[in-house]
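**Q** pasting the sequence and the predicted coordinates here, then a few questions.
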Amino acid sequence: MATPPDSPMDEALFELEPSRVPKHRPVALEDLCRQTKFTRQEIRVMYRGFKQECPEGLVHEDSFKDIYAKFFPHGNSSLYAHYVFKAFDVNSNGAISFRDLLVTLSTLLRGSIYEKLRWTFKLYDINGDGCITRAELAEIVVAIHELMGRRAHQVRSTGRYGSQVEDDRKAREQVDRVFKKLDLNQDGVITIEEFIESCLKDEVITKSLQVLDSGTGL
């Protein structure tokens, strides 16, 4: 079903559904091509999938978490999905539009290493104040541990939470190790400049980011 003319998704429909678009309207597909590194055909394909999954034209956080849960069925993805949702929500209005989704995916799949690192910094900078604190880094590390189902794995393998204390200790050590590595001047916060410089020096990080250049997936 086509989105009504005055809906939030209307501007993304101008050439995607040409038969339903008034001729005097601007061609938004061209705008999306300019704003992203996707081709017209790629945008059309992604739009059809988006409309099928999100007929209202917007993705809200609950739906976003449901999608994440399908990809990580053995862990608790809710917390990590919350932070990723905030990073995708370009306008900070509590919903992700097709344009928001497309711009972010373009950065992650086709952007330069610098662009990918800037987006990652935004993800870790939970309160958006321009720097990452130890507490913020710890929040993300905890979210990743839950996402991967490490504690759930301990329960399945031992039948109890006997390893939770050890798991927490390892998580704290990981936070301390990473924070020390990223906080170049040791002033207690990580700036965007420190983050990019540190990551570019890490061969594992740069290679993992380059893998996405082919656009084969997240």
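**A** Looks like it came in fine. Numbers count the residues shown, from 1 in each chain.

**Q** tell me the helix or strand right after the helix or strand of the chain at the bottom of the mean pLDDT ranking.
**A** In the chain, no helix or strand scores lower on mean pLDDT, DSSP states H and E than helix 150-158, which sits at a mean of 42. Next in sequence after helix 150-158, counting helices and strands by DSSP states H and E, comes helix 164-182.

**Q** ok, the next helix or strand after that next one: who's next to it in the sheet?
**A** The first helix or strand that comes after helix 164-182 along the chain, using DSSP H and E, is strand 189-191. Looking at strand 189-191 with DSSP bridges, its partner strands are strand 131-133 (antiparallel).

**Q** tell me which residues of stretch 48-56 are tucked away?
**A** F50, K51, C54 (16 or more other Cβ atoms under 10 Å). Bear in mind the C-beta positions are built from the backbone N, C-alpha and C, glycine included.

**Q** next one: the second one from L137, what distance?
**A** The reference is to K51. Relative to L137, K51 is positioned 37 Å away (Cβ to Cβ, to the nearest Å).

**Q** got it, and the last one?
**A** Between C54 and L137 the computed distance is 32 Å (Cβ to Cβ).

**Q** confidence score at L218?
**A** If you check L218, the pLDDT there is 35.

**Q** so who does the nearest residue to Q35 once chain neighbours are set aside touch?
**A** Of all residues not flanking Q35 in the chain, V103 sits nearest, at 6.0 Å (Cβ to Cβ, 6 or more residues apart in numbering). With contact set as Cβ atoms under 8 Å, 6 or more residues apart in numbering, V103 has these partners: Q35, T36, V90.

**Q** low-confidence stretches in this structure?
**A** Low-confidence segments of the chain (pLDDT under 70): 1-27, 150-163, 208-218.

**Q** tell me where it has helices.
**A** Assigned by DSSP state H, the chain shows helices spanning 28-35, 40-53, 61-71, 78-88, 98-110, 113-124, 134-147, 150-158, 164-182, 192-200, 203-210.

**Q** quick check: angle from the second one to helix 98-110?
**A** Spelled out, it's helix 40-53. 130 degrees (axes from the mean of the first three to the mean of the last three Cα atoms, to 10 degrees).

**Q** same question for the third one.
**A** For helix 61-71 and helix 98-110, the angle between their directions (the same axes, to 10 degrees) works out to 30 degrees.
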